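Asks: Next come a sequence and a model predicted from it.
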Amino acid sequence: MRYIKILFLLPTAVLSSEQVIKLEDVVVTETRHEIDIETAPSSITSVGDEELELRSTESLRDILLFDSSLFIMRSRGTDFLGIRGFTQDRILILIDGKRLSGEVDRTFELDRITLDRIERIEVMKGPASVLYGTDALGGVVNIITREPLKREVNFSLRYGSPPDERQLSFSAYTGKRGRFNVGVFGRIKNRNAYKLPDGTTPSFLLDVKNTGLSLFHYPSGGSKVRFDYDYMDHDEKGVLKMGPSNVKVIHNNARQNISLSFDRDQKNWKLFIRGYASLYDKDYELRREAGNRLMDFDVADRDLYVFETWLSRTFLNSHRFTAGGEIRREIFNGTRIRGGEYKGKVVRESISKDRYMEKIDYYALYIQDELFLSENLFIIGGVRYDDSDRFESNLSPKIGATFVPTERIRLKTNYAKGFKTPSPRELFIFFPGFGYWVVGNPQLESEKTDNIDASLEIDIYKNITFKGGIFYTKAEDLIDTSFVCMGGTPGCTANGITVPTGTALITYKNIGKAEIHGAEISLRSKRANKVILGISYTYMQARDIVNREPLLQRPRHRAVGRIVLNEKTFRVALFGELVNGFLYAPNEEKNFGLLHISLSRNIYRNIRLVGGVDNLGDNKDFDIGLLGRFYWLGIQGSI
């Protein structure tokens, strides 16, 4: 414990410049600054650059597969992430602590993030509203990017099939040259559609391009100024069955992220200031496959502007206090919302749509206290106040503790509240479908959760660690669709909109309550061993309290395991996954097991040949994205 306490007092400038400890041993998502992962009370998975190399993967999706408390399902060409029973629209995905603008349910994000510039990935399980506010009900996935102090160039070239998939990516950094450091990165990824005999495509054609740069300036005295810019172009095309006919679904998406930050890191205090923007444009079309006739379209812009700051101060060599705040504006502009400012008509071929714009302003203040009561007991507590010009205010407290009775044993416990404000779709949507209309509800309240968890960690032998824990979450005011009335009935309106006679009117309401509880265990060895072993298992029950039935599409049992032969010049890894009790539909349960193998061989200095086979058993279930055996081969390296 004394080692952890010393780390608590180290300025982060020392950690970054001298590399005293390995970065996978520290996390920032729990506190916004470095803390030893063994000290952090929350359940956190950290995947460092050595682990990224060990797995030889090219996507965030592949990395997150190997934690049993996480679950990823592919449906209609899109990957959906779940953490402890919460779906992706209730999980916050960050890059260096920054929010990303995109679809309200965060579809596509797992395919959009390139790994070449990533230092590590941190997954914090459970509510994190005390630091991050809305959306972090199930947890936070925080992607930490690189800031190497020495020159480096990383590259990756990969091809896989079926379906054919090609990817080329790179990142390059000058390293610290005087007071400056410059990095650039880029990626191109293409994947063909997986076509079934009836012409439909359970996996869509994919085309993603990323490029960007990072500029670092180190004025003096532990200060740093950082500028980041990146651009993404993401297109997907697929074919779905609609009635007796096939229709083409076309997504064209673009996003720009721009950020400027300043931090000053001293012996006993640290100041951080940042402003950033995330600007997202989407174009959606639905066309008949025969004749290419336009059936429907939508255009949407979602822009996010954030200013945030926090100050951390250490007292009495055992106490760190942090206070911070955030101002955020979100602007929604599109053809699928009603309300706010009218922006005119959008005409495409024979279809005309009205375009509207809405905006929401958010404000937040938070405080957090980290205290070592002794060399064996660490406590962290905090509270955050959120308000906006649209919703009710929310107060999000958290308290956690880590107790170390012996050098090899750690006991951890947490209590936290979380909340999620209604999404733009739930508030403002206007979707006139065939036989039904969906209309938003501006009177919605925030979803809320109470969570408690406890865990035990034991360093069994040298580099082998056992972890076991339990968790319980109660959710209230969950937002779901609700039938209102049939058109033609007197008074059949929602949000001032009257539907045609014989058309069902559907809106969103706070009607849901749920309980989620479960247990997690894991046993793993670290990279230092020649033979690396790891296994984790999660049991989870997720129930709808109102309807007294299980929540759909959550696995009751999930186990993952790996064994890696890690020699100096080559590596062979075998990964397995077992899912049981996955309720895909009310009367349809799916159970499956998957096995993956990967190989890596050094061919010249830091250049290696990699390859493997995913889904060795050739399992196929197009409902959940199992497309059969997938072969891949590539070259990775650094110079």
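Replies: Sure thing, it's come through. Residues are numbered from 1 along each chain as shown.
Asks: and the residue of the chain most remote from its centre, helix, strand or coil?
Replies: Within the chain, P490 marks the point farthest from the mean C-alpha position, 44.7 Å out by C-alpha atoms, centre = their mean. Under DSSP: H, G, I helix; E, B strand; the rest coil, P490 falls in the coil class.
Asks: From I497, how far out is it?
Replies: Between P490 and I497 the computed distance is 15 Å (C-beta to C-beta, to the nearest Å). C-betas here are computed from N, CA, C, even on glycine.
Asks: ok, back up a step: quick check: the residue farthest from the centre of the chain vs F483, distance?
Replies: With the distance defined as C-beta to C-beta, P490 ends up 17 Å from F483.
Asks: need the contact list for the residue nearest to L533 when sequence neighbours are not counted.
Replies: Spatial nearest neighbour of L533, excluding adjacent residues (C-beta to C-beta, 6 or more residues apart in numbering): S525 at 5.1 Å. Going by C-beta atoms under 8 Å, 6 or more residues apart in numbering, S525 touches N463, I464, T465, V531, I532, L533, G534.
Asks: The first one touches K530, doesn't it?
Replies: No: applying C-beta atoms under 8 Å as the test, N463 and K530 come out as separate, 11.0 Å apart.
Asks: of the two, who's got more company?
Replies: Neighbours were counted for N463 and for K530 using other C-beta atoms under 10 Å; N463 has more, 13 against 9.
Asks: any idea how far the more buried one is from L533?
Replies: Taking C-beta to C-beta, one finds N463 at 10 Å from L533.
Asks: Next: V299.
Replies: To L533, V299 is 51 Å away according to C-beta to C-beta.
Asks: Compare neighbour counts for these two and give me the winner.
Replies: The neighbour comparison of V299 against L533 (other C-beta under 10 Å) goes to V299, with 18 against 13.
Asks: What helix or strand is the more buried one located in?
Replies: If you go by DSSP states H and E, V299 is part of strand 294-315.
Asks: Which secondary structure elements does that strand sit against?
Replies: strand 98-99, strand 269-288, strand 319-334, strand 341-348, strand 351-372 (3 or more C-beta pairs under 8 Å, 6 or more residues apart in numbering; DSSP states H and E).
Asks: Adding mean neighbour count, distance to I597 and mean pLDDT, write those strands out as TSV.
Replies: TSV is the format used below for the helices and strands packed on strand 294-315 (neighbours: other C-beta atoms under 10 Å; distance: least, C-beta to C-beta, whole Å; pLDDT from 0 to 100):
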stretch	mean neighbour count	distance to I597	mean pLDDT
strand 98-99	20	36	94
strand 269-288	18	38	96
strand 319-334	19	44	95
strand 341-348	12	47	95
strand 351-372	17	43	95
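Asks: Which among those strands is found nearest to A559?
Replies: strand 98-99 (32.7 Å; C-beta to C-beta).
Asks: Show me what that closest one is packed against.
Replies: So strand 98-99, by 3+ C-beta pairs under 8 Å, 6+ apart, packs with strand 269-288, strand 294-315.
Asks: between the ones you listed, which one is nearest to L595?
Replies: Comparing the helices and strands packed on strand 98-99 by C-beta to C-beta, strand 269-288 comes nearest, at 36.9 Å.
Asks: Which elements pack onto that closest one?
Replies: Counting by 3+ C-beta pairs under 8 Å, 6+ apart, strand 269-288 packs on strand 98-99, strand 245-265, strand 294-315.
Asks: Highest mean neighbour count out of these?
Replies: strand 98-99 (a mean of 20; mean count of other C-beta atoms under 10 Å).
Asks: who touches that one?
Replies: L92, N257, S259, R274, Y276, S278, L304, V306, R328.
Asks: Kindly report the same for stretch 565-577.
Replies: 54-56, 65-66, 527, 529-532, 558-564, 593-602.
Asks: Please, a PyMOL command that selects the buried ones among the residues you listed?
Replies: Command for PyMOL, covering only those of the contacts of stretch 565-577 found buried under the criterion 16 or more other C-beta atoms under 10 Å:
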select buried, resi 54+55+56+65+66+532+558+559+560+561+562+564+594+595+596+598+599+600
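Asks: just checking, which of the contacts of stretch 565-577 belong to strands?
Replies: Among the contacts of stretch 565-577, DSSP state E puts 531-532, 558-564, 593-602 in strands.
Asks: mind listing the helices for the stretch 1-150 of the chain?
Replies: 2-9, 12-18, 49-55, 60-64, 109-112, 129-132 (DSSP state H, counting those that start in this stretch).
Asks: which stretch in the ones you listed is the model least sure about?
Replies: Mean pLDDT across these is lowest at helix 12-18; the value there is a mean of 36.
Asks: With adjacent residues omitted, what lies nearest to L444?
Replies: Excluding its sequence neighbours, the residue lying closest to L444 (C-beta to C-beta, 6+ apart) is P422, at 4.1 Å.
Asks: go on, T493?
Replies: T493 sits nearest to L505 (C-beta to C-beta, 6+ apart), 7.7 Å away.
Asks: bridging residues for that neighbour?
Replies: Beta-bridge partners recorded for L505 (DSSP bridges): W437, C485.
Asks: swap in G512?
Replies: Beta-bridge partners of G512, as defined by DSSP bridges: L478.
Asks: what residue lies at the spatial centre of the protein?
Replies: Geometric middle of the chain (C-alpha atoms, centre = their mean) lands on I93, at 3.3 Å.
Asks: who are the neighbours in contact with that residue?
Replies: I93 makes contacts with L100, R106, E109, V140, V141, I143, as judged by C-beta under 8 Å, 6+ apart.
Asks: Next, give phi and psi for the residue nearest to L444.
Replies: phi -60, psi 150 (degrees, to the nearest 10).
Asks: Can you read off the pLDDT for it?
Replies: 92.
Asks: Could you do R548 as well?
Replies: 88.
Asks: burial count for it?
Replies: 7.
Asks: ditto for L377
Replies: 15.
Asks: how many other residues sit next to the residue lying closest to it once chain neighbours are set aside?
Replies: Nearest residue to L377 in three dimensions, chain neighbours excluded: F403, at 5.3 Å (C-beta to C-beta, 6+ apart). Residues near F403, counting by other C-beta under 10 Å, number 17.
Asks: distance of F403 from K412?
Replies: Where K412 is concerned, F403 sits at a distance of 8 Å (C-beta to C-beta).
Asks: swap in F262?
Replies: 34 Å.
Asks: now swap in E152 and tell me
Replies: Applying C-beta to C-beta, the value for E152 to K412 is 36 Å.
Asks: out of the two, which sits in the more crowded spot?
Replies: Set E152 next to K412 and count neighbours by other C-beta under 10 Å: K412 wins out with 23 against 16.
Asks: Per-residue pLDDT of that one, please?
Replies: pLDDT, K412: 97.
Asks: May I have the strands that pair with the helix or strand hosting it, each with its orientation?
Replies: Element membership for K412 (DSSP H and E) is strand 409-420. According to DSSP bridges, strand 409-420 has the following sheet partners: strand 394-406 (antiparallel), strand 447-461 (antiparallel).
Asks: Can you lay out these as CSV showing distance to G418 and mean pLDDT?
Replies: Converted to CSV, these look like this (distance: least, C-beta to C-beta, whole Å; pLDDT from 0 to 100):
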stretch, distance to G418, mean pLDDT
strand 394-406, 7, 95
strand 447-461, 4, 94
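Asks: Those strands into CSV, with extra columns for distance to G512?
Replies: Listed next are these as CSV, based on distance: least, C-beta to C-beta, whole Å:
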stretch, distance to G512
strand 394-406, 18
strand 447-461, 8
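Asks: H234: which of those is closest?
Replies: Using C-beta to C-beta, the nearest of the strands paired with strand 409-420 to H234 is strand 447-461, at 28.0 Å.
Asks: Show the pLDDT at the residue nearest to L533.
Replies: S525 is assigned a pLDDT of 83 by the prediction.
Asks: Poorly predicted segments of the stretch 451-600 of the chain, please.
Replies: Low-confidence segments of the stretch 451-600 of the chain (pLDDT under 70): 527-529.
Asks: Pull stretch 623-639 out as PDB, backbone CA atoms only.
Replies: Taking Å, rounded to 0.1, in the frame of the first residue of the first chain, the C-alpha atoms of stretch 623-639 are listed here in PDB:
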ATOM      1  CA  ASP A 623     -29.700 -12.200 -36.200                       C
ATOM      2  CA  ILE A 624     -26.700 -11.500 -33.900                       C
ATOM      3  CA  GLY A 625     -24.000 -11.000 -36.500                       C
ATOM      4  CA  LEU A 626     -22.300 -14.400 -36.500                       C
ATOM      5  CA  LEU A 627     -21.300 -14.700 -40.200                       C
ATOM      6  CA  GLY A 628     -19.100 -17.800 -40.000                       C
ATOM      7  CA  ARG A 629     -15.400 -18.300 -40.100                       C
ATOM      8  CA  PHE A 630     -13.200 -15.200 -40.900                       C
ATOM      9  CA  TYR A 631      -9.600 -15.400 -42.000                       C
ATOM     10  CA  TRP A 632      -7.200 -12.400 -41.700                       C
ATOM     11  CA  LEU A 633      -3.600 -11.600 -42.400                       C
ATOM     12  CA  GLY A 634      -1.500  -8.400 -41.900                       C
ATOM     13  CA  ILE A 635       1.700  -6.600 -41.200                       C
ATOM     14  CA  GLN A 636       2.200  -4.300 -38.200                       C
ATOM     15  CA  GLY A 637       5.200  -2.500 -37.000                       C
ATOM     16  CA  SER A 638       6.900   0.600 -35.800                       C
ATOM     17  CA  ILE A 639      10.000   2.400 -37.000                       C
END
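Asks: I appreciate the help and will end here.
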